[in-house]
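In: no letters, just coordinates:
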């Protein structure tokens, strides 16, 4: 578990003006870092860093990942983007154009690979040849794999969503005279379900929840712990959603919560009520 003092040092380092832009493309407000190189980077460049492998760059989120004391000490010892770039870009050719925030992914890949993996801009006496097998000869055949790695690296976490199932009513009968309900929650590539063994015959409907009203409301009002118990948003019932009634976004006890009741789709009958709690990571 990270001591709060250590984490404070990392965040203090991030707030230095030189570290408020990406070390590789100068995009503002980077929230990712290469723990072993000692630079703060944007989400787009973090995807490229991941694709070159952890033996070159160990990518971590400043807001989400758990950092060890050694990892934080390493970042502090480097001193930030200016000091790191003074080493890794010491021999950058005159007139060389670094990537900018809107650069294409191919341009970022070429620069970051040259800068950190091939060490082309480093003082020759400081260059270290990696013993890790090079993927250079496999790029054509593994282009899809490399693209997938890059996309994974570019995922930026913005918050944590807790969902509590309150209950279901008017559920379709799937056994002789009753039902054996279960709930599967899916968000992007993440899925959570109960531990029961279920089959397709047990399916009792589905419904989609629009998270945007809650996330937007939370972002507009800032830190919920500084607010009283108030309503900050609303998801309106319409013909395009499965709401049984309008759903209010509330701040209760310093937490952003929303209770929704949804009519189940693709089934004979049924409604489900869930309570959601949103915790933003960038407050």
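Out: That came through fine. Source: prediction; values computed, not measured.
In: in its sheet, what does the helix or strand harbouring residue 162 sit against?
Out: Under the assignment given by DSSP states H and E, the secondary-structure element containing residue 162 is strand 159-169. Here strand 159-169 is paired, per DSSP bridges, with strand 271-280 (antiparallel).
In: what about the strand it pairs with, distance to the chain center?
Out: Between the centre of strand 271-280 and the centre of its chain there are 20 Å (Cα atoms, centre = their mean, to the nearest Å).
In: on that earlier part again, and the strand holding residue 162, what's buried?
Out: Buried positions in strand 159-169, judged by neighbour count with 16 or more other Cβ atoms under 10 Å: 159, 168. Backbone N, C-alpha and C define where each C-beta goes, glycine included.
In: so which residues make contact with it?
Out: Contact with strand 159-169 is made by 181, 183, 185, 187, 192, 204, 211, 215, 218, 259, 270-282, as judged by Cβ atoms under 8 Å, 6 or more residues apart in numbering.
In: please redo it, this time with the cut-off set to 6 Å
Out: Outside strand 159-169, the residues within contact range by Cβ atoms under 6 Å, 6 or more residues apart in numbering are 181, 183, 185, 271-281.
In: nearest to residue 64, of those residues?
Out: Proximity to residue 64 was ranked across the contacts of strand 159-169 by Cβ to Cβ; first place goes to residue 281, at 6.1 Å.
In: which residues of the stretch 51-200 of the chain score low on pLDDT?
Out: Scanning the stretch 51-200 of the chain for pLDDT under 70 picks out 125-157, 174-180, 189-190, 193-200.
In: what ranges do the strands span in it?
Out: In order along the chain, the stretch 51-200 of the chain carries the following strands (DSSP state E, counting those that start in this stretch): 59-61, 159-169, 184-187, 190-193.
In: out of the ones you listed, nearest to residue 234?
Out: Among those, the nearest to residue 234 by Cβ to Cβ is strand 159-169 (18.3 Å).
In: one step back: and which of the contacts of strand 159-169 is nearest to residue 111?
Out: Comparing every one of the contacts of strand 159-169 with residue 111 (Cβ to Cβ), the shortest separation belongs to residue 281, at 28.4 Å.
In: the helices in the chain, which residues?
Out: 4-14, 43-52, 69-78, 81-88, 105-112, 143-153, 212-221 (DSSP state H).
In: may I see the ones you listed organised as JSON lines, with distance to residue 255 and mean neighbour count added?
Out: As requested, the helices of the chain are exported to JSON lines (distance: least, Cβ to Cβ, whole Å; neighbours: other Cβ atoms under 10 Å):
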{"stretch": "helix 4-14", "distance to residue 255": "21", "mean neighbour count": "14"}
{"stretch": "helix 43-52", "distance to residue 255": "27", "mean neighbour count": "25"}
{"stretch": "helix 69-78", "distance to residue 255": "29", "mean neighbour count": "16"}
{"stretch": "helix 81-88", "distance to residue 255": "36", "mean neighbour count": "18"}
{"stretch": "helix 105-112", "distance to residue 255": "38", "mean neighbour count": "18"}
{"stretch": "helix 143-153", "distance to residue 255": "30", "mean neighbour count": "14"}
{"stretch": "helix 212-221", "distance to residue 255": "10", "mean neighbour count": "17"}
